[in-house]
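> Coordinates only, no sequence provided:
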């Protein structure tokens, strides 16, 4: 127990903020009766609180503008996401066209050079770590909070690690890798049958792009550029499964600059 | 989702109030709230907060605010501040209005971290635990920021220049 007679600065603040127990409150009140200096200080602080309330308290009574209605934000978001889905569908149509259309069609569907680098890095990382039995990841998915914090710090982005359990994939964990221009995060997921997908994430700015498929051997990669992240999902799985996983990841892997 | 959206909606007025006090600019404040809601909605389906919603939302908004400030630092663009955020409903005396404007201006001169902390507690009425979690800092740090903010405000508004704090 602390000495009840010692009134700290924290006590005075808690008194002003009404966060003392009744007993402690009585002790502080007794102290204030004897100490004009602290009494004046506390009165000034109380006046500040009242002034802040007078200045800004009324804002909470205003009717918020329509653009701040959550249901409306959700509706706008759905519209935006379905546009992304449509451009993805368009990209798929091009893939089909490209398959029959030879070089002309091929030029249209090839991702940009920088994205190709990203995709090959992601494929290499997947090929190296996905078969690994003993040490597939550095930090296991069970340490989710630590993993998030660590990777966010190293990538200088506030990463949100996607939860793919709705698609039947649980997080194995993650690791940090060197990439062409910075560090990259590799997140690994596994389904009930032991099939693994990896999500390769690199901090890089650029315009958001639609999702693109690339295939190399038996691996398929879905790549896209988000607000501040380049992302590649790699796996040996049917395209529509990968697309579902990519879409779920897309909604989640939203990042601000370093937080 | 509907439950979550309803909960969000009930917190919008408080988010606007806090954002207004932080930015002192109606449009910027509402932009900040909108960004915050969008981010919360994008995150919630996959990364549902385990704790209570209010500190989580404020945390998102404060981070957005800091990012904004970081981005604006160095840009010469002058922002428009509302001199007095409202016309008082009851005609205040000249003196009282001055005191309000003076406090508003003094608040602006506080270090950001102190302003963020003080407003969470004094304006939003958060408990220390809640405010500390919104700012992601230990409660002791929060309390020392609040205390410093109060003394700095007092020194500025009393117009007596910086005062030595009594050593206790």
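Looks like it came in fine. Every value quoted in this text rests on a predicted model; they were computed, and no experiment measured them.

> Work out the gap between stretch A:200-209 and the centre of the chain.
13 Å (C-alpha atoms, centre = their mean, to the nearest Å).

> Distance across it, terminal residue to terminal residue?
End-to-end distance for stretch A:200-209, by C-alpha to C-alpha, to the nearest Å: 16 Å.

> Residue A:121 and chain B: what is the separation?
25 Å (C-beta to the nearest C-beta, to the nearest Å). Quick note: C-beta positions are derived from backbone N, CA and C, even for glycine.

> helix/strand/coil for that residue?
Of the three states, residue A:121 takes helix under DSSP: H, G, I helix; E, B strand; the rest coil.

> Spit out the contact partners of the closest residue in space to it that isn't next to it in sequence.
Leaving aside its chain neighbours, residue A:121 sits nearest to residue A:179 (5.9 Å; criterion: C-beta to C-beta, 6 or more residues apart in numbering or on different chains). Residue A:179 sits next to A:118, A:121, A:202 when contact means C-beta atoms under 8 Å, 6 or more residues apart in numbering or on different chains.

> correct me, but the second one touches residue A:184?
Yes - counting by C-beta atoms under 8 Å, residue A:121 sits close enough to residue A:184 to count as a contact (6.9 Å).

> Overlap in contacts, those two.
A:200, A:202.

> And those two? Which one has more around it.
Legend: neighbour count by other C-beta atoms under 10 Å in any protein chain shown for residue A:121 and residue A:184, higher for residue A:184 (25 against 20).

> Name the residues linked to the more buried one by a beta bridge.
residue A:177 (DSSP bridges).

> List the contacts of it.
Applying C-beta under 8 Å, 6+ apart, the residues contacting residue A:184 are A:121, A:125, A:155, A:176, A:177, A:178, A:200, A:201, A:202.

> Verify the contact between the fifth one and residue A:198 for me.
Same thing as residue A:177. No - with contact defined as C-beta under 8 Å, residue A:177 does not reach residue A:198; the gap is 10.4 Å.

> which of those two has more neighbours?
Neighbour totals were compared for residue A:177 and residue A:198, and residue A:198 leads with 28 against 18 (other C-beta under 10 Å).

> Shouldn't the more buried one be within a strand?
Yes - checked against three-state DSSP, residue A:198 lies within a strand.

> Skipping adjacent residues, who's closest to it in space?
Per C-beta to C-beta, 6+ apart, closest to residue A:198 is residue A:126, 4.5 Å.

> Residues contacting whichever strand or helix holds that neighbour, please?
Per DSSP states H and E: residue A:126 is located in helix A:113-129. The contact list for helix A:113-129 (C-beta under 8 Å, 6+ apart) reads A:110-111, A:136-137, A:175, A:177, A:179-180, A:184, A:186, A:188, A:198, A:200, A:202, A:209, A:212, A:214, A:216, A:219, A:221, A:223, A:225, A:230, A:232, A:234-235.

> Buried only: go through these for me.
Taking 16 or more other C-beta atoms under 10 Å in any protein chain shown as the criterion, what is buried in the contacts of helix A:113-129 is A:111, A:136-137, A:175, A:177, A:179, A:184, A:186, A:188, A:198, A:200, A:202, A:209, A:212, A:214, A:219, A:221, A:223, A:225, A:230, A:232, A:234-235.

> any idea how far residue A:158 is from residue A:198?
From residue A:198 across to residue A:158, the span is 21 Å (C-beta to C-beta, to the nearest Å).

> Please enumerate the helices of chain B.
B:2-23, B:26-44, B:53-72, B:94-109, B:112-118, B:128-135, B:139-157 (DSSP state H).

> Residues contacting the third one, please?
Right, the one you point to is helix B:53-72. Contacts of helix B:53-72 with the rest of the structure, by C-beta under 8 Å, 6+ apart, involve A:158, A:256-257, A:259, B:7-8, B:11, B:14-15, B:18-19, B:22-23, B:32-33, B:35-36, B:39-40, B:43, B:49, B:79, B:112, B:116, B:120, B:124, B:126, B:130-131, B:133-136.

> how about that helix: buried residues?
B:53-68.

> Which two among those are spaced furthest apart?
B:53 and B:68 (22.4 Å; C-beta to C-beta).

> Show only the entries of the buried ones among the contacts of helix A:113-129 found in strands.
Counting by DSSP state E, the buried ones among the contacts of helix A:113-129 place A:175, A:177, A:184, A:186, A:188, A:198, A:200, A:202, A:212, A:214, A:219, A:221, A:223, A:225, A:230, A:232, A:234-235 in strands.

> Count the neighbours of residue B:109 for me.
Residues within reach of residue B:109, counting by other C-beta under 10 Å, total 10.

> and what of residue A:240?
Neighbour number of residue A:240 under other C-beta under 10 Å is 9.

> and it, backbone torsions?
Note on residue A:240: backbone dihedrals following degrees, to the nearest 10 are phi -70, psi -30.

> Next, the buried residues of the helix holding residue A:126.
For helix A:113-129, by 16+ other C-beta under 10 Å, it's A:115, A:117, A:118, A:119, A:121, A:122, A:123, A:125, A:126, A:129.
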